[in-house]
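Novice: Could you work out the structure for the sequence below:
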Amino acid sequence: MKHEVLKIGVDVDDVLYLCNQHAIDMLCKDKEYAPLSINDISGWGSSGKNTMLDERIAYFSRADFVENQPLIPGANEFIAKLCERGEVIFVTAVGGSCMTARAQRLLHDFPMVPERNIMIGARKDLLSLDVLLDDGAHNILGSHASYPVLFRKPWNNNLTGLLAVNTYDDFLRLIDQIIGYRQNREFSLKNGGVLCLVGPSGSGKSELTRSLMEDQVFCRPLTCTTRCRRESEPEEYHFVSRDSFQNGQANGRFLETTVYGGEYYGAERKAVDDVVNSGRIAVMPIDICGAISIKNAYPEQSALVFLQRGRSAVLRSIL
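Specialist: Here you go, the predicted model:
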């Protein structure tokens, strides 16, 4: 059976080229400010508070800025691999005076993407795409793509409930999952593995986990967390101090970590390994970033299941 080629839209600034940090570096050099970093940025675009960081915005409309933006390490290889998986379309918003410079850079740095696939303009919501990768939350929230994916950056880390990835490899793994889903690929966990249940709050991940665990072949590994234990809470978590958790992160203790409600959560590598090596299936309700990390660790022994639920049902479950 022939399957349609995925149309994959890729944003450019801070996805393929350094933008905010490059502008900050130029600003600090021109104004002789003390060094600043993108970690000081708390929101996309201008804060509206007339801070020093807001002064970086003026550089975005300069052609010489666009001409000299550094390529993010690995960007070229990323696009080459993405082209093997679908039709890549650059979707980028720059001012009129920068359009030529942006197109010329893209053609030079990414010759594998044809000129006709360079879309310049702010109305990304008008494009018909299967997948969109963008660091701007407003573009993700307004997109009509089947899979709008947020590229995590300091200015969007506070956003939850969105499909999001942290790295190029994460996105490639997600694309592979989408392709597999569209092609109805079969998989087997009969010799042990990991079943990742991915979905928004209220989509039924916990209920499905409990139902699966009625069969002894399924097991939920303990999750490590820095939050306090609640009264009468079952043994589903390993409670640790924040220092202990962060030391574990540095030492590779966790397969994946996330932050929710200001507290850290992580899947311990050994706990998951023990389940998989015993021939059982580790069931893990998890977000998409964590699921992709699991897929990277167990490429042949993991499956991602996306749970969907109507908006009203999700709200009823949450409220």
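Novice: From now on I want contacts and neighbour counts done on CA atoms only, so please keep to that.
Specialist: Will do.
Novice: Next secondary structure after the top helix by length along the chain?
Specialist: The longest helix of the chain (DSSP state H) is helix 168-182. Using DSSP states H and E, the next helix or strand after helix 168-182 towards the C-terminus is strand 193-198.
Novice: which secondary structure element contains Leu132?
Specialist: strand 131-134.
Novice: I misspoke; the intended subject was Gly290.
Specialist: Taking DSSP H and E as the criterion, the element that holds Gly290 is helix 288-297.
Novice: Show residues contacting that helix.
Specialist: Applying CA atoms under 8 Å, 6 or more residues apart in numbering, the external contacts of helix 288-297 come out as 163-166, 170, 173-174, 194, 196-199, 255-258, 302-304.
Novice: what pLDDT does the closest residue to Tyr168 other than its chain neighbours get?
Specialist: Of all residues not flanking Tyr168 in the chain, Phe78 sits nearest, at 6.4 Å (CA to CA, 6 or more residues apart in numbering). Here, the pLDDT recorded for Phe78 equals 98.
Novice: How about the one 4 residues further on?
Specialist: If you check Leu82, the pLDDT there is 98.
Novice: now swap in Ala101 and tell me
Specialist: So Ala101 comes in at 94 (pLDDT).
Novice: quick one on the thing from earlier: and the strand holding Leu132, what does it pack against?
Specialist: In terms of contacts (3 or more CA pairs under 8 Å, 6 or more residues apart in numbering; DSSP states H and E), strand 131-134 is packed against strand 6-10, strand 147-151.
Novice: Buried deepest among those strands, which one?
Specialist: Ranked by mean neighbour count under mean count of other CA atoms under 10 Å, the helices and strands packed on strand 131-134 are led by strand 147-151, which reaches a mean of 24.
Novice: follow-up on the earlier one: quick one, the very next helix or strand once past the helix holding Gly290 and strand 193-198 angle?
Specialist: For helix 288-297, the following helix or strand on the C-terminal side (DSSP H and E) is strand 302-306. Strand 302-306 and strand 193-198 are oriented at 20 degrees to each other (axes from the mean of the first three to the mean of the last three CA atoms, to 10 degrees).
Novice: Remind me what strand 302-306 packs against, helices and strands.
Specialist: For strand 302-306, the elements it packs on are strand 193-198, helix 288-297, judged by 3+ CA pairs under 8 Å, 6+ apart.
Novice: Partner strands of the shortest one, with direction?
Specialist: Pointing back at strand 193-198 there. Applying DSSP bridges, strand 193-198 is found paired with strand 281-286 (parallel), strand 302-306 (parallel).
Novice: so how far is the first one from its chain's centroid?
Specialist: By that I understand strand 281-286. Relative to its chain's centre, strand 281-286 lies at 19 Å (CA atoms, centre = their mean, to the nearest Å).
Novice: now swap in the last one and tell me
Specialist: When distances are taken as CA atoms, centre = their mean, strand 302-306 is centred 16 Å away from the chain's centroid.
Novice: Contacts made by stretch 20-34 with the rest, please.
Specialist: Applying CA under 8 Å, 6+ apart, the set of residues contacting stretch 20-34 from outside is 14, 35-38, 53, 55-57, 59-60, 65, 69-70.
Novice: I meant to write stretch 120-132 there.
Specialist: Defining contact as CA under 8 Å, 6+ apart, one finds that stretch 120-132 is touched by 6-11, 90-94, 99, 139-140, 142-149.
Novice: picking up where we left off before, what strands flank the strand holding Leu132, and is each parallel or antiparallel?
Specialist: Assessed with DSSP bridges, strand 131-134 is paired to strand 6-10 (parallel), strand 147-151 (parallel).
Novice: could I get that strand in CSV with only the CA atoms?
Specialist: Taking Å, rounded to 0.1, in the frame of the first residue of the first chain, the C-alpha atoms of strand 131-134 are listed here in CSV:
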residue,chain,number,x,y,z
VAL,A,131,3.9,18.2,11.3
LEU,A,132,5.2,21.6,12.4
LEU,A,133,8.4,22.1,14.6
ASP,A,134,8.5,25.6,16.1
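Novice: Downstream of it, the next helix or strand is which one?
Specialist: Going down the chain from strand 131-134, the next helix or strand is helix 137-142, by DSSP H and E.
Novice: List the buried residues for that next one?
Specialist: By neighbour count on 16 or more other CA atoms under 10 Å, the buried set for helix 137-142 is 137, 139-140.
Novice: Take those residues and write them to TSV, including pLDDT and distance to Ile24.
Specialist: Output for those, formatted as TSV (pLDDT from 0 to 100; distance: CA to CA, whole Å):
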residue	pLDDT	distance to Ile24
Ala137	86	21
Asn139	91	23
Ile140	87	25
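Novice: which stretch of helix or strand covers the residue nearest to Tyr168?
Specialist: helix 75-83.
Novice: Report the inter-axis angle for that helix versus helix 168-182.
Specialist: Using the same axes, to 10 degrees: helix 75-83 against helix 168-182 is 0 degrees.
Novice: switch to numbering from 41
Specialist: Noted, 41 is the first residue going forward, which turns the last one into helix 115-123.
Novice: Which strands or helices does the following helix or strand past helix 115-123 pack on?
Specialist: As assigned by DSSP H and E, the chain's next helix or strand after helix 115-123 is strand 126-132. The contact analysis (3+ CA pairs under 8 Å, 6+ apart) places strand 126-132 against strand 46-50, strand 158-160.
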